[in-house]
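Chemist: here is a sequence together with a model predicted from it:
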Amino acid sequence: MDNLDVFESVFKRAVRDPYKYARPDFSRVLMLTDASYSQASQTTQEWLSDHPLFSNAEFQKIESATYNQWIEIEPTIQKIDPSLIVTHRLLKEPPETSKHSLGAYLDTLAQATDCPILIIPNSREEQGSMKIPDLKSVIAVADHLSGHGGLVSNAAAFTADGGTLTLCHLEDEDTFSYYMDAIERIPEINSTVAREKIQRQLLAKPRQYIETVTAVLKTDLPNISIDSVIEFGHLIDRYRQAIAKRQAGLLVFESKDDTQLAMHSVGYSLAIEFTETPLLLI
């Protein structure tokens, strides 16, 4: 068995994490909005109340007038211990702040809290308005879907009956090229064969995982459809194309890196790029 066959065999023996659907518990929902969005916040709460996920949820609010910095609001959030936070980008930020930003409060929330955060787009042109998500098309994205069952389950649970959940796994073309450049400098390895085999195996595991997810969700959530995007590409460009093509009403992704020392780099790029798309940060 040559070096490449050994390499391929290691890929094939990789542990496959089984997927089990786990319905998220959103029993305590915290609404965080500016004073100017109080009416929009009420509309959003009414919309959530109609969703089966929130049929027994307790909704709480923290009035924006009660805090002016994170240390003033953090103890209250910890006391409430929400299972979901619903807010909008640029919370309590001045009007001149770039829309391609989450704002200081959301940046901190994404790292300092363990619960998912639902970010509803808000309009500065139409003061006080917020965009209610259309859950007929939900997209879940991850650099490695396998092993991220919570991400998939949250996205699936939000998807409306009759809607489509698209599972997106993209391998970064630039990163792949970087490693292939190193491999091509090793004379003992046939780089042409290596490129083909590595590409095939990098896409094989997510494809198998998504097949497993699809089989499970057909039983647990039979009223939604599952689609997938599994390919190489430039991440933000391909995500943009997927969102536009499917008219995504909600984008779901992980906001924390493995160490929780910073917001996940891909997650942050998505959060500041897609300002008009509702986001669910896991």
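Modeler: Received it, and whenever you're ready, just let me know what you need.
Chemist: next SSE downstream of the helix or strand residue 219 falls within?
Modeler: Residue 219 is part of helix 191-220, with elements assigned from DSSP states H and E. Reading on from helix 191-220 to the C-terminus, the next helix or strand found by DSSP H and E is strand 225-233.
Chemist: what's the angle between that following strand and helix 191-220?
Modeler: 160 degrees (axes from the mean of the first three to the mean of the last three CA atoms, to 10 degrees).
Chemist: strand 225-233: which residues count as buried?
Modeler: 226, 228-230, 232-233 (16 or more other CB atoms under 10 Å). C-beta coordinates here come from the backbone N, C-alpha and C atoms, glycine included.
Chemist: tell me the phi and psi of the residue positioned nearest the centre of the chain?
Modeler: The residue lying closest to the centre of the chain (CA atoms, centre = their mean) is residue 253, at 1.1 Å. Here the main-chain torsion angles of residue 253 (degrees, to the nearest 10) amount to phi -160, psi 170.
Chemist: identify the residues contacting it.
Modeler: Contacts for residue 253 (CB atoms under 8 Å, 6 or more residues apart in numbering) come out as 140-142, 151, 264, 266-267, 270, 279-282.
Chemist: any idea how far residue 68 is from it?
Modeler: Using CB to CB, to the nearest Å, one gets 30 Å for the distance from residue 253 to residue 68.
Chemist: cool, residue 236 as well?
Modeler: Applying CB to CB to residue 236 and residue 68 gives a distance of 34 Å.
Chemist: neighbour count: these two, which is higher?
Modeler: A count of neighbours by other CB atoms under 10 Å puts residue 236 above the other of residue 236 and residue 68, at 14 against 10.
Chemist: return the residues in contact with residue 64.
Modeler: 32-35, 91-92.
Chemist: what's the local residue count around the closest residue in space to residue 67 that isn't next to it in sequence?
Modeler: Spatial nearest neighbour of residue 67, chain neighbours left out: residue 73 (4.2 Å); criterion: CB to CB, 6 or more residues apart in numbering. Other residues within reach of residue 73, judged by other CB under 10 Å, total 20.
Chemist: related to what we said a few turns ago, of the contacts of residue 253, closest to residue 21?
Modeler: Lowest distance from residue 21 to these (CB to CB) belongs to residue 151, with 12.1 Å.
Chemist: count the neighbours of that closest one for me.
Modeler: 20.
Chemist: which residues does it contact?
Modeler: Here residue 151 is in contact with 140, 142, 145, 252-254, 282 (CB under 8 Å, 6+ apart).
Chemist: who wins for neighbours among the contacts of residue 253?
Modeler: Neighbour max across those (other CB under 10 Å) = residue 140, 28 neighbours.
Chemist: that older thread, just the buried ones from the contacts of residue 64, in ChimeraX syntax?
Modeler: Buried residues within the contacts of residue 64, by 16+ other CB under 10 Å, are selected in ChimeraX with:
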select :32,33,34,91,92
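Chemist: what's the farthest-apart pair in the contacts of residue 151?
Modeler: Across the contacts of residue 151 (CB to CB), the longest gap, 12.4 Å, separates 145 and 282.
Chemist: which SS class is residue 156?
Modeler: helix (DSSP: H, G, I helix; E, B strand; the rest coil).
Chemist: likewise residue 167?
Modeler: strand.
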